[in-house]
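Novice: below: sequence and its predicted model.
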Amino acid sequence: MQPPPIGPYVRLPAAVVPWDPRNLDVAAEVIALVRERRPGLVIEHIGSTAVPGLPGKGIIDLSIATDADALPSVVAMLRELGFGAQPGPDPWPPTRPMLVGSLVRDGTTFRIHCHVLPESDELRRDLAFRDALRSDPALTREYADLKAGIVAGGVTEGHQYTYRKQAWIADIQRRLGVDRAPIAPPATIGMLGGGQLGRMLALAARSMGYRVAVLDPDPDCPTAALADRVIVAGYDDVGAALRLAEISDVVTYELEHVSLGVVGAIDAVVPVRPGRVPLSVTQDRLAERRFAESSDAEVAPWREVRTTEELRAAVDAVGLPLRLKSATGGYDGRSQLRLTAMEELDGAVDLLARATGDRLLAEAEMAFHSEISVIVSRSVDGRIRTFPVAANVHDRGILAESVAPAPVAPDVAERATRLGERLAVAMGLTGTLTAELFLMPDGRIVVNELAPRVHNSGHWTVDGAATSQFEQHIRAICGLDLADTHALAPTAMVNVWGAGAMRDARLEPLSVRHALADPAVHLHLYDKRRVFERRKMGHVTATGSSVEDALERARAARDQLRWTGDEEGEP
């Protein structure tokens, strides 16, 4: 049996190599193979290898224009030629696949990417960009310098290389008048999760004219009152997720505890943003640590453990006190133990492991100076805006209060901002990334946790920044330009927690009046029907002449609030 003409793909580290004139011949040969089987198919040579003299990775990029109905048969034809599935952590979705292969000519292996495009606008953008490079030597030199700088900065992974070019390419396409059309109102934004973050996202989406659909196990979730459609289902229900996809133009998530299978199923129908990779990285603490380290970010010394013996070895390596955490699950300090003495090790693994051999994270407890966080928004085309750094205080693993801009040295804020932006790009994220960080006594910044979503420590932005984190997230996932993020005034946020036994959630009316007597104070409640001890029920923000003044105002307002039926009267 004759082997297919296209050989297997070879994945190599990203490197910028000189342009090879044989690129054009190889591209023409593959185009001829495709047209021999599908004579009417539109196929174009795009990318750097289509621009004489332009250095690049040396990959032959071909774009094939088709329609959604014909896409499966085009993919089948490419597979018959020998093309295979795209490798790597962040493949194109099956609705817009990229197949890969190679041809060997004169002893050189030429790698080939075949992009199958079900809509013509992408090909139009690609051709406009290619033709601009061919006709403008200065633009070609600028692009070559950008690529060389990316690789010189240590980027060797193909996806990372691509992520770092996105914003520049998008700027050129906009200049050429072929930039990507956004998802505009009254499109429907689907949300996986209808908690308080989903509610505040829905408020922002509504104010911009979007419709909202939500999937949540609770029919009375906080987002339900704002949604056009509520699908009651678990976060691992693929069938329900597909129903959400059918009525949405884009889908986002407000929590990390969503099945990757659900996200993959939706992404085959409509875009899921921030995306599958950010979710897979952050819903597994071990994967998160490896990702941070691979992105040149410092984390606490850690070890993966499965048994008590491995835990003892981890203590020998990283010391005590130590935090033992479930690799997956857990939120607001749950699913973790603080171990301070050797005699506490026996039985600790069994307390957290759901089954024998479960992976756990053992990491050193950091003696930090303060806790800070940075919230980064990254748009569909790779543009980035970052909010001022916030300083945070936690109480037993739950965020209690935040102030912004954080009272830290300018160089600390700058380094935290650059770190957050670098991590967002490394994920290929579209939407919002929150990086919770430790500021160490010696000035080092250590990554604590990452969340690919809006975050409690960014609630201050609703009243204290030019744009809220929620509106910015909607802009990012819908392909709109990102807005200004500067702080309007020193701002504080304090969480409002439940107190006492579970009961209907109602505030004493006079307590609300007293809390809002200060005109600098704003109250945000999450419409949770039941209140109980330490449940997040809302938050208070305040602005002031300084973050200390703002925090004093916010705390005073919070302390006025009383839940009915609470004898102690604690907020």
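Specialist: Here it is on my side, so go on.
Novice: list the buried ones in the helix ranked longest in the chain?
Specialist: Ranked by number of residues, the top helix in the chain under DSSP state H is helix 410-427. Neighbour-count burial for helix 410-427, counted by 16 or more other CB atoms under 10 Å, picks out 412-413, 415-417, 419-427. For the C-beta atoms, the positions are set from N, CA and C on the backbone; glycine is no exception.
Novice: what ranges does the stretch 101-250 of the chain have for its helices?
Specialist: 120-135, 137-152, 158-163, 166-176, 196-207, 238-246 (DSSP state H, counting those that start in this stretch).
Novice: rounded mean pLDDT for the third one, please.
Specialist: The predicted model assigns helix 158-163 a mean pLDDT of 87.
Novice: what is it packed up against?
Specialist: Judged by 3 or more CB pairs under 8 Å, 6 or more residues apart in numbering; DSSP states H and E, helix 158-163 is in contact with helix 137-152, helix 410-427.
Novice: before we move on, the earlier item: packing partners of the longest helix of the chain?
Specialist: helix 158-163, helix 276-282, helix 285-294, strand 370-378, strand 384-386, strand 431-439, strand 445-451.
Novice: what pairs with the helix or strand just after the shortest one, and is each one parallel or antiparallel?
Specialist: As assigned by DSSP states H and E, the chain's next helix or strand after strand 384-386 is strand 390-395. Strands that pair with strand 390-395, judged by DSSP bridges, come out as strand 370-378 (antiparallel), strand 398-404 (antiparallel).
Novice: can you give the contact residues for the worst-scoring helix or strand of the chain on mean pLDDT?
Specialist: In the chain, the helix or strand scored least confidently by mean pLDDT, DSSP states H and E is helix 158-163, which has a mean of 87. The contact list for helix 158-163, computed with CB atoms under 8 Å, 6 or more residues apart in numbering, reads 11, 14, 57, 88-90, 147, 150-151, 155, 382, 425-426, 428.
Novice: same question for stretch 29-44.
Specialist: 5-6, 45, 60, 62-66, 74, 77-78, 80-81, 103, 112, 114, 123, 126-127.
Novice: coming back round to it: okay if I get the helices and strands packed on helix 158-163 as CSV plus mean pLDDT?
Specialist: Below are the helices and strands packed on helix 158-163 laid out as CSV (pLDDT from 0 to 100):
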stretch, mean pLDDT
helix 137-152, 95
helix 410-427, 96
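Novice: a markdown table please, covering those and showing distance to His159.
Specialist: Converted to a markdown table, those look like this (distance: least, CB to CB, whole Å):
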| stretch | distance to His159 |
| --- | --- |
| helix 137-152 | 12 |
| helix 410-427 | 9 |
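Novice: give me every residue that touches the nearest residue to Asp20 once chain neighbours are set aside.
Specialist: Excluding the flanking residues, the one nearest Asp20 by CB to CB, 6 or more residues apart in numbering is Gly58, at 6.6 Å. Residues near Gly58 by CB under 8 Å, 6+ apart: Val17, Asp20, Asn23, Thr49, Phe110, Arg111.
Novice: measure Gly58 to His394 for me?
Specialist: 49 Å (CB to CB, to the nearest Å).
Novice: if we can go back for a sec, just say which of the helices of the stretch 101-250 of the chain is most tucked in.
Specialist: helix 196-207 (a mean of 24; mean count of other CB atoms under 10 Å).
Novice: now that helix and strand 431-439, what's the angle there?
Specialist: 140 degrees (axes from the mean of the first three to the mean of the last three CA atoms, to 10 degrees).
Novice: show me what helix 196-207 is packed against.
Specialist: By 3+ CB pairs under 8 Å, 6+ apart, helix 196-207 packs against strand 188-192, strand 211-216, helix 469-477.
Novice: CA atoms only for whichever helix or strand comes after the longest one, dumped as PDB, please.
Specialist: Meaning helix 469-477. Note on helix 469-477: by DSSP H and E, the next helix or strand toward the C-terminus is strand 491-497. Extracted in PDB, the C-alpha atoms of strand 491-497 (Å, rounded to 0.1, in the frame of the first residue of the first chain):
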ATOM      1  CA  THR A 491     -10.800  52.500  47.700                       C
ATOM      2  CA  ALA A 492     -11.400  49.800  50.200                       C
ATOM      3  CA  MET A 493     -13.600  46.700  50.000                       C
ATOM      4  CA  VAL A 494     -14.700  44.600  53.000                       C
ATOM      5  CA  ASN A 495     -16.700  41.400  52.700                       C
ATOM      6  CA  VAL A 496     -20.100  41.000  54.400                       C
ATOM      7  CA  TRP A 497     -20.400  37.600  55.900                       C
END
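Novice: assign a three-state SS to His522, would you?
Specialist: Secondary structure, DSSP: H, G, I helix; E, B strand; the rest coil: His522 is strand.
Novice: please name the residues that touch it.
Specialist: Contacts of His522 (CB under 8 Å, 6+ apart): Val462, Asp463, Val540, Thr541, Ala542.
Novice: partners of it in the sheet?
Specialist: Here His522, judged by DSSP bridges, has bridge partners Thr541.
Novice: start the count at 13, not 1, going forward
Specialist: In the new count, where the first residue is 13, that last one comes out as His534.
Novice: nearest residue to Pro417 other than its sequence neighbours?
Specialist: Here the residue nearest Pro417, using CB to CB, 6+ apart, is Pro400, at 4.0 Å.
Novice: one more: Gly276?
Specialist: Arg288 (6.3 Å).
Novice: CA atoms only for stretch 511-529, dumped as PDB, please.
Specialist: Listed next in PDB are the C-alpha coordinates belonging to stretch 511-529 (Å, rounded to 0.1, in the frame of the first residue of the first chain):
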ATOM      1  CA  ALA A 511     -23.500  35.000  61.100                       C
ATOM      2  CA  GLY A 512     -25.400  32.400  63.200                       C
ATOM      3  CA  ALA A 513     -27.500  29.500  62.200                       C
ATOM      4  CA  MET A 514     -29.000  29.000  58.700                       C
ATOM      5  CA  ARG A 515     -32.100  31.000  58.100                       C
ATOM      6  CA  ASP A 516     -33.800  33.300  55.500                       C
ATOM      7  CA  ALA A 517     -31.400  36.200  54.600                       C
ATOM      8  CA  ARG A 518     -32.800  39.500  55.600                       C
ATOM      9  CA  LEU A 519     -31.000  42.600  56.900                       C
ATOM     10  CA  GLU A 520     -32.400  44.800  59.600                       C
ATOM     11  CA  PRO A 521     -33.700  47.800  57.800                       C
ATOM     12  CA  LEU A 522     -32.300  50.400  60.100                       C
ATOM     13  CA  SER A 523     -28.900  48.700  60.000                       C
ATOM     14  CA  VAL A 524     -28.800  49.300  56.200                       C
ATOM     15  CA  ARG A 525     -29.600  53.000  56.800                       C
ATOM     16  CA  HIS A 526     -26.900  53.400  59.300                       C
ATOM     17  CA  ALA A 527     -24.400  51.600  57.100                       C
ATOM     18  CA  LEU A 528     -25.100  53.900  54.100                       C
ATOM     19  CA  ALA A 529     -25.100  57.100  56.200                       C
END
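Novice: run through who's touching that stretch.
Specialist: 510, 533, 535, 537, 540-546, 549, 552, 569-570, 572-583.
Novice: what sits against the residue most central in space within the chain?
Specialist: Taking CA atoms, centre = their mean, the centroid of the chain lies closest to Pro464, which sits 3.6 Å from it. Taking CB under 8 Å, 6+ apart, we find Pro464 in contact with 265, 268, 286-287, 290-291, 293-294, 439, 441, 443-446.
Novice: pLDDT wise, what is it at?
Specialist: Pro464 is given a pLDDT of 97.
Novice: mind showing which ranges of the chain have poor pLDDT?
Specialist: Low-confidence segments of the chain (pLDDT under 70): 342-345, 579-583.
Novice: domain-wise, how is it divided?
Specialist: What automatic domain parsing lists as the domains of the chain is 34-188, 200-284, 313-376, 382-572.
Novice: not counting sequence-adjacent ones, nearest residue to Ser347?
Specialist: Ser347 sits nearest to Ser338 (CB to CB, 6+ apart), 4.0 Å away.
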